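1. With the input below, show me the fold.
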Amino acid sequence: MLYEEVLANARTCMGEYCKACPVCNGRACRNQIPGPGAKGSGTVAIRNYDKWQEICLNMDTICENRPVDTAFQLFGQQFAAPVFAAPIGAMKLHYGDKYDDLEYNDILVSACADAGIAAFTGDGTNPAVMEAATGAIGQKKGKGIPTVKPWDINTLKEKFGLVKACGSFAVAMDIDAAGLPFLKNLTPPAGSKSVEELKGIIEAAGVPFIVKGVMTVKGALKAKEANAAGIVVSNHGGRVLDQCPATAEVLEEIVDAVGGELKIFVDGGIRSGVDVFKALALGADAVLIGRPFVTAVYGGGAEGAACYIAKLVAELEDTMAMCGAHSLGDISRDMVR
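-> Have a look, this model is predicted:
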């Protein structure tokens, strides 16, 4: 299956909001919510994409001619590349009726694991979403990362029980989901967490804990203080706060502050293996990609996801070879400008 075929198929079943654009750059959907758009002006998702495109590569082929290796290790697990599918939920509301959250996560987890990477799975007010996601991860021997919302501690402990039962090697929380409308006015309340609250949550998780939704050095240091094993530099695709910077604009300063002390992931507008390389050159350990995986699954199911993953890895390999990097450890900041 060709990626162009995946996109064409997706356009026949994506619902009224997502256009399955050749390049998912935030312009066609802009501020369309429900749908894949960003909050308010809709410019943050566009900015995310544009800032990666402004970074240029420094070509250097005066180097040893040997194979490129994209292998990546995380918390004792080996992966084919430093690429993960990002957590996405409310599929029918935002992307059309073809899949619900349970079906989407089931396809995504399996396809990613089979391709040698892993998926972060979404969460929701329906307990069946986390139950099914962890079930799918369990079927793949723990190769997936369940992602919880910033619920109250008792709800989180119930979900952590599912995480432990499925054998997942890590768990994440998209703490910036505090800005999502469906989390507001819940009883018991869900939302922002203090450092002390987060520290207790991380202790209760019992596996390496990744805090998703960090956009400042201050936030990264707080996550470190709470004993997070990793952070995701992320503005939730522009869906929780308008007028904030792109992830590419804040990544370097966060890496300079906490790089080497915890794992640093980044998402937001990363669409190609070239973009992955740029993120790694700026100091990220790995990337998350969200909306394009939805298009891939809607356009081709597991085969569509596999096609997109293969495209990303091939592009990353080519970029590494042309910039003189034979392994991920060879990638450095002087390879971009």
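2. From K140, how far out is the residue lying closest to R66 once chain neighbours are set aside?
-> Nearest residue to R66 in three dimensions, chain neighbours excluded: H326, at 5.7 Å (C-beta to C-beta, 6 or more residues apart in numbering). C-beta coordinates here come from the backbone N, C-alpha and C atoms, glycine included. The gap separating H326 from K140 is 30 Å, by C-beta to C-beta, to the nearest Å.
3. And L162, by the same measure?
-> 15 Å.
4. what about the helices in the stretch 101-250 of the chain?
-> In the stretch 101-250 of the chain, the helices defined using DSSP state H, counting those that start in this stretch lie at 101-114, 127-139, 153-166, 195-205, 217-225, 247-258.
5. picking up where we left off before, more neighbours: which of H326 and K140?
-> K140 (19 against 16; other C-beta atoms under 10 Å).
6. Next, the contact list for the residue nearest to that one when sequence neighbours are not counted, please.
-> Leaving aside its sequence neighbours, K140 sits nearest to A113 (C-beta to C-beta, 6+ apart; 4.0 Å). Contact analysis of A113 by C-beta atoms under 8 Å, 6 or more residues apart in numbering lists 119, 140, 143-144.
7. same deal with L156?
-> Neighbour list for L156: 148, 201, 204 [criterion: C-beta under 8 Å, 6+ apart].
8. next one: A305
-> With contact set as C-beta under 8 Å, 6+ apart, A305 has these partners: 85, 107-108, 111-112, 115, 293, 296-297.
9. next one: T134
-> Counting by C-beta under 8 Å, 6+ apart, the residues that T134 touches are 121, 146, 162-163, 165-166, 168.
10. let's go with 7 Å and repeat that
-> By C-beta atoms under 7 Å, 6 or more residues apart in numbering, the residues touching T134 are 146, 162-163, 165-166, 168.
11. The nearest residue to D114 once chain neighbours are set aside: which element?
-> Closest residue to D114 apart from its sequence neighbours, by C-beta to C-beta, 6+ apart: A306 at 7.0 Å. Using DSSP states H and E, A306 sits within helix 291-322.
12. got the angle between that helix and helix 101-114?
-> Interaxial angle of helix 291-322 relative to helix 101-114 (axes from the mean of the first three to the mean of the last three C-alpha atoms, to 10 degrees): 20 degrees.
13. in helix 291-322, what counts as buried?
-> In terms of neighbour count (16 or more other C-beta atoms under 10 Å), helix 291-322 has its buried residues at 291-309, 311-313, 315-317, 319-322.
14. again with stretch 233-241
-> By neighbour count with 16+ other C-beta under 10 Å, stretch 233-241 contains the buried residues 233-241.
15. May I ask which two of those are separated the most?
-> Greatest spatial distance among those (C-beta to C-beta): V233 and R239, at 15.5 Å.
16. I'd say F84 and A118 touch.
-> Yes. With contact defined as C-beta atoms under 7 Å, F84 reaches A118; the gap is 5.6 Å.
17. The longest strand belonging to the chain pairs with which strands, and in what direction?
-> Counting by DSSP state E, the longest strand found in the chain is strand 209-214. Strand 209-214 has these partner strands in its sheet, going by DSSP bridges: strand 171-174 (parallel), strand 230-233 (parallel).
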